[in-house]
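# Structure of the sequence below:
(one chain, ligands or ions: 2)
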Amino acid sequence: MASLPMVRVALLVAFSVFLTLVLGFGLPSVLNWIARCCGFPEASVTECIVFVYALFVLYVAVPRLPRGTVEVEGKALLITGCDTGFGPALAKHFHKLGFTVFAGCLFKDGEGAKELENIHSEKLKVVQLDVCSEEQVSQAVQFVTENLPDSEKGLWGVVNNAGISTFGEVEFTTMDTYKQVSEVNLWGTIRVTKAFLPLIRRAKGRVVNIASMYGRMGNALRSPYCISKYGVEAFSDCLRYEMKTWGVKVSIIEPGNFIVATGILTRDIVTTTAEKLWKEAPPIVQEDYGKAHFEQYMALMRSYCNSGQREIEPVLDDITDAIMSQRPYTRYSPMEPHWWIRIQIMTHLPGAISDRLYF
Ligand SMILES: NC(=O)C1=CN([C@@H]2O[C@H](COP(=O)(O)OP(=O)(O)OC[C@H]3O[C@@H](n4cnc5c(N)ncnc54)[C@H](O)[C@@H]3O)[C@@H](O)[C@H]2O)C=CC1
Ligand SMILES: CC(=O)CC(=O)O
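Ligands and ions are numbered 1, 2, ... in the order given. This next block holds a predicted model:
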């Protein structure tokens with residue numbers, strides 16, 4: 001939400017128009033009722049309106065109030081998935097801000113890792129880290145523990161960024177695919193978090209989990225990915241309640257569509273996934289759905305993988321806030337307004353309405 005000032009301003013304008021209409025159509029009893037509930041039994045209609053309006057202005061303004069930032073000196077972060085996309089950008093960004101960064105890479109000899117190593121900084125260390133490997137996660141804990149700038153202070157934060165994506169209708173998707181996607185996105189996030197929590201608790205630090213707008217709403221063709229990201233949301237919520245007593249803050253980042261800016265769903269991935277989906281589908285599914293229907297959906301995915309926001313700054317800004325603010329938010333939703341509105345409609349309106357609007 002922090003990155004959506006325009007949406008909030010738009011809501012404020014819409015609310016102003018709504019109140020004007022309420023006045024115009026004479027529904028003061030509703031407002032009177034709200035005011036009475038809030039302890040103003042004798043409030044006039046105008047006072048009621050001013051009161052509700054003030055509440056709404058507060059809703060818009062409070063998240064904009066300065067919340068203070070933490071001291072960077074001596075703090076270290078682990079970021080997973082630093083080969084491509086958000087990961088390496090985050091590693092460079094936090095290194096520039098003065099953090100010691102442990103950049104977990106799936107391929108320690110790959111291009112992404114080399115680019116980070118070429119920065120030649122004592123405060124930016126590349127770590128071999130496949131989040132699906134118990135052994136590599138343990139080795140990473142050992143490496144981080146031995147290389148912390150101040151072992152007494154522990155590790156300030158983990159950014160669980162590593163992830164993979166895929167698509168395909170339920171009847172075309174194999175059980176292996178469901179398991180593979182959750183193995184990285186969900187179990188990988190949980191595995192890394194559990195392993196690093198003792199160090200983070202020592203620092204009273206931060207866990208920042210990268211979910212997605214698809215952690216908040218489903219979509220046709222996206223069940224394996226949505227399941228994994230809904231799981232990340234559930235895990236993060238439960239962990240947040242538990243960590244309160246330890247002073248550890250847990251935030252969820254729910255980026256919208258930044259596909260063109262990263263390597264998560266390229267045209268090549270769409271082509272190979274489409275071939276695999278059709279080849280592996282049971283004959284009855286191929287026959288019932290038909291090739292024409294299948295091709296139509298694959299064309300949708302091809303155009304989707306060329307869409308989205310090119311600039312990833314909104315994501316970097318929100319993750320920075322989650323790591324550095326004295327009072328980080330529970331959820332950040334860096335996304336275009338049309339996706340944000342879709343989430344609100346799909347999560348707050350009856351299914352009968354949202355289904356009709358979007359499917
Ligand atoms: N690009 C987008 O539009 C959005 C991305 N996200 C999420 O952001 C995160 C980062 O993705 P992007 O930068 O977009 O994609 P990306 O494909 O460029 O980056 C994903 C990173 O995860 C790493 N990775 C994959 N499997 C791994 C494993 N087993 N162990 C360790 N690392 C592994 C990859 O090597 C890569 O560095 C993911 O969790 C993704 O689901 C969420 C919403 C939108
Ligand atoms: C929006 C996302 O989380 C990325 C995807 O659609 O795969």
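# need the contact list for the closest residue to ligand 2 within the stretch 51-200 of the chain.
Ligand 2 sits closest to Ser165 of the stretch 51-200 of the chain, with a gap of 3.3 Å, by C-beta to the nearest ligand atom. Placement of C-beta: from N, CA and C, glycine included. Going by C-beta atoms under 8 Å, 6 or more residues apart in numbering, Ser165 touches Val181, Tyr225, Ile264, Leu265, Ile269.
# quick one: secondary structure of it?
For Ser165, the assignment made with DSSP: H, G, I helix; E, B strand; the rest coil gives coil.
# That one and Phe294, how far apart?
19 Å (C-beta to C-beta, to the nearest Å).
# now swap in Gly168 and tell me
With distances taken as C-beta to C-beta, Gly168 is found 10 Å from Phe294.
# Pick out whichever of these two has more residues nearby.
Taking neighbours as other C-beta atoms under 10 Å, Gly168 and Phe294 compare with Gly168 leading, 25 against 19.
# Doesn't the more buried one belong to a helix?
No. Read with three-state DSSP, Gly168 is coil and lies in no helix.
# these two touch, right, it and Thr273?
Yes. If you go by C-beta atoms under 8 Å, Gly168 and Thr273 touch, sitting 6.9 Å apart.
# How about the contacts made by whatever residue of the stretch 201-350 of the chain ends up closest to ligand 2?
Proximity to ligand 2, evaluated over the stretch 201-350 of the chain using C-beta to the nearest ligand atom, is greatest for Ser212 at 3.2 Å. By C-beta under 8 Å, 6+ apart, Ser212 lies in contact with Tyr225, Lys229, Glu254, Pro255.
# Number of residues surrounding the residue nearest to Pro282 when sequence neighbours are not counted?
With sequence-adjacent residues excluded and distances taken as C-beta to C-beta, 6 or more residues apart in numbering, Pro282 is closest to Glu171, at 7.8 Å. Per other C-beta under 10 Å, the neighbour tally for Glu171 reads 13.
# Likewise for Trp246?
13.
# Relative to ligand 1, how far out is it?
Using C-beta to the nearest ligand atom, to the nearest Å, one gets 25 Å for the distance from Trp246 to ligand 1.
# Could you do Glu117 as well?
Using C-beta to the nearest ligand atom, Glu117 is found at 15 Å from ligand 1.
# shouldn't that residue be in contact with Glu111?
No. Counting by C-beta under 8 Å, Glu117 does not reach Glu111; the two are 10.7 Å apart.
# Next, show the common contact partners of these two.
Listed contacts common to Glu117 and Glu111 are nil; contacts here mean C-beta under 8 Å, 6+ apart.
# Which one of these two is surrounded by more residues?
Glu117 (16 against 12).
# Count the neighbours of the residue nearest to the more buried one when sequence neighbours are not counted for me.
Among residues not flanking Glu117 along the chain, Val126 sits closest, at 5.4 Å (C-beta to C-beta, 6+ apart). If you count neighbours by other C-beta under 10 Å, Val126 ends up with 23.
# Is ligand 1 within reach of the helix or strand Val126 falls within?
Per DSSP states H and E, Val126 falls inside strand 124-128. No. Strand 124-128 stays clear of ligand 1 (C-beta under 6 Å from any ligand atom), getting no nearer than 9.5 Å.
# now the helix or strand just after that strand: mean pLDDT?
Next in sequence after strand 124-128, counting helices and strands by DSSP H and E, comes helix 134-147. Taken as a whole, helix 134-147 has an average pLDDT of 98.
# residue boundaries of the strands in the stretch 51-200 of the chain?
76-79, 100-105, 124-128, 157-160 (DSSP state E, counting those that start in this stretch).
# With mean pLDDT and distance to Asp355 as added columns, please give the ones you listed in a markdown table.
A markdown table is the format used below for the strands of the stretch 51-200 of the chain (pLDDT from 0 to 100; distance: least, C-beta to C-beta, whole Å):
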| stretch | mean pLDDT | distance to Asp355 |
| --- | --- | --- |
| strand 76-79 | 98 | 38 |
| strand 100-105 | 98 | 40 |
| strand 124-128 | 98 | 45 |
| strand 157-160 | 98 | 32 |
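# Is it possible to get CSV of the ones you listed that adds distance to Gly205?
Output for the strands of the stretch 51-200 of the chain, formatted as CSV (distance: least, C-beta to C-beta, whole Å):
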stretch, distance to Gly205
strand 76-79, 9
strand 100-105, 13
strand 124-128, 18
strand 157-160, 5
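# Format those as TSV; extra columns: distance to ligand 2.
Formatted as TSV, the strands of the stretch 51-200 of the chain follow (distance: least, C-beta to the nearest ligand atom, whole Å):
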stretch	distance to ligand 2
strand 76-79	18
strand 100-105	20
strand 124-128	25
strand 157-160	14
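# so which of these comes closest to Cys38?
strand 157-160 (39.2 Å; C-beta to C-beta).
# Break this structure down into its structural domains.
5-64, 76-258+312-358 (automatic domain parsing).
# Averaged pLDDT, the shortest one. What do you get?
It stands for domain 5-64. Across domain 5-64, pLDDT averages out at 67.
# Could you export stretch 268-281 as PDB, CA atoms only?
Below are the C-alpha coordinates for stretch 268-281, written out as PDB (Å, rounded to 0.1, in the frame of the first residue of the first chain):
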ATOM      1  CA  ASP A 268      11.000 -19.400 -23.900                       C
ATOM      2  CA  ILE A 269       9.600 -20.600 -20.600                       C
ATOM      3  CA  VAL A 270       6.000 -20.200 -21.900                       C
ATOM      4  CA  THR A 271       6.900 -22.100 -25.100                       C
ATOM      5  CA  THR A 272       8.500 -25.100 -23.400                       C
ATOM      6  CA  THR A 273       5.900 -25.200 -20.700                       C
ATOM      7  CA  ALA A 274       3.100 -25.200 -23.300                       C
ATOM      8  CA  GLU A 275       4.700 -28.100 -25.200                       C
ATOM      9  CA  LYS A 276       5.200 -30.100 -22.000                       C
ATOM     10  CA  LEU A 277       1.600 -29.400 -20.800                       C
ATOM     11  CA  TRP A 278       0.100 -30.700 -24.100                       C
ATOM     12  CA  LYS A 279       2.400 -33.700 -24.300                       C
ATOM     13  CA  GLU A 280       1.800 -34.800 -20.700                       C
ATOM     14  CA  ALA A 281      -2.000 -34.300 -20.700                       C
END
